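1. sequence and computational prediction follow.
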Amino acid sequence: MKPNRLVRSRRLANVIEAVGQTPLLRLQRVAQTAPDVEVYVKLEFCNPGGSVKDRPAKRMVMDALASGQLTQDKILIDATSGNTGVAYALMGAALDFRVNLVMPKNVTKARKDITQAYGAELIYSSPMEGSDGAIRLVRSLVEEHPEKYYYPDQYSNPSNPLAHYHGTGQEILDAFGSRLSAFVTALGTSGTAMGTIRRLKDYQAETGHPIRCVAVEPAEALHGLEGLKHMASSIVPNIYDPTLPDEILPVATEDGWDMAERVAKEEGLFVGHSTGANIFAAVKLAEALQASQGGGVVVTIACDRSDRYFAPMKWERRYVW
């Protein structure tokens, strides 16, 4: 079959320009329980840093460079569970500034290795305190040495959700417009959810077309969904607005892990456990749409690939998270 037109590859001046415009993949087999509903996952691991966090890292860095807050005389430092750290490290290598990352000591070896490969320096916080411990440590470091660091603070920086308002949300609308029935994604910093949902809500206000927007969080305070926040037991990000989603959907660790394994085996899509939780929730929404409307379009986010979780890969169900 001959193509209708010649599609040229994009020409990029640097790796930063490769962030965004990620593809949407329809899930065929794991969503068979809702055959008349199209379930799509936005493949954010196609960003150059391998995750959805490239988007906010790029926006925060570019805004800080433009304002003069980030210079080559300062070190960018932030708390991260891994993916934002990889994105910061990539940006630092590409744009020639230093990066220090504060992360829990028990984040996966792959994320430690990747960030260090880009030249970032790692500072470890207590593995027992999760992402909140990293936040507390980075704040104390910045307070002690304010002249040394630029602290973007991904949990409070409005550039985080703005990256998704102008990027992720707009790209979903460009693809589906008034066909979109529902959007669902998990809460970590909450930037993906807040920015994307706000854009979809603005579209709803402009057109009158309803879009159900759902945020996923771990069902338990102690959980195995790395990078996600159980808001009631966590330091709540300043960018988080609990009134914005139409629903907060709890997902158990087992369901996120099991769905990640299913998607690999049935769809050929190798994703992390936060993405497993997203897809589990998307299928539940699709089943509800099948029952109530008989059809529709549901979109969720593939946050990263599963190779970031190789060490360890299997979740031992006997552990208490």
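-> Everything's here; your move.
2. quick one: least confident helix or strand in this protein?
-> Every helix and strand of the chain was ranked by mean pLDDT, DSSP states H and E. The lowest is helix 109-117, at a mean of 88.
3. and that helix, what does it pack onto?
-> helix 83-95, strand 98-104, strand 121-125 (3 or more CB pairs under 8 Å, 6 or more residues apart in numbering; DSSP states H and E). All C-beta spots, glycine's among them, are computed from the backbone N, C-alpha and C.
4. in that helix, which residues are buried?
-> Ala110, Arg111, Lys112, Ile114, Thr115 (16 or more other CB atoms under 10 Å).
5. ok, now which ones touch the closest residue in space to Ala94 that isn't next to it in sequence?
-> Among residues not flanking Ala94 along the chain, Val15 sits closest, at 5.1 Å (CB to CB, 6 or more residues apart in numbering). By CB atoms under 8 Å, 6 or more residues apart in numbering, the contact set of Val15 is Pro48, Leu90, Ala94.
6. and which of these is nearest Lys265?
-> Pro48 (27.4 Å; CB to CB).
7. can you list contacts of the least confident helix or strand of the chain?
-> 50, 81-83, 85-86, 88-89, 99, 101, 103, 122, 307-311.
8. can you flag the buried ones in the residues you listed?
-> Buried among the contacts of helix 109-117 by 16+ other CB under 10 Å: 50, 81-83, 85-86, 88-89, 99, 101, 103, 122, 308-309.
9. which pair in the residues you listed spans the largest distance?
-> Val99 and Tyr309 (22.4 Å).
10. coming back round to it: make a markdown table from the helices and strands packed on helix 109-117 and add mean pLDDT and distance to Glu226 to it.
-> Below are the helices and strands packed on helix 109-117 laid out as a markdown table (pLDDT from 0 to 100; distance: least, CB to CB, whole Å):
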| stretch | mean pLDDT | distance to Glu226 |
| --- | --- | --- |
| helix 83-95 | 95 | 9 |
| strand 98-104 | 95 | 9 |
| strand 121-125 | 96 | 15 |
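11. any chance of those in TSV, with distance to Asp73 too?
-> Shown next, in TSV, are these (distance: least, CB to CB, whole Å):
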stretch	distance to Asp73
helix 83-95	14
strand 98-104	10
strand 121-125	16
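12. give me the residue ranges of the protein where confidence is low.
-> 1-8, 309-321 (pLDDT under 70).
13. report the buried residues of the longest helix belonging to it.
-> Looking across the chain with DSSP state H, the single longest helix is helix 273-292. The neighbour-count check on helix 273-292 (16+ other CB under 10 Å) flags 273-290 as buried.
14. go on, stretch 237-245?
-> In stretch 237-245, counting by 16+ other CB under 10 Å, buried: Pro237, Ile239, Tyr240, Leu244, Pro245.
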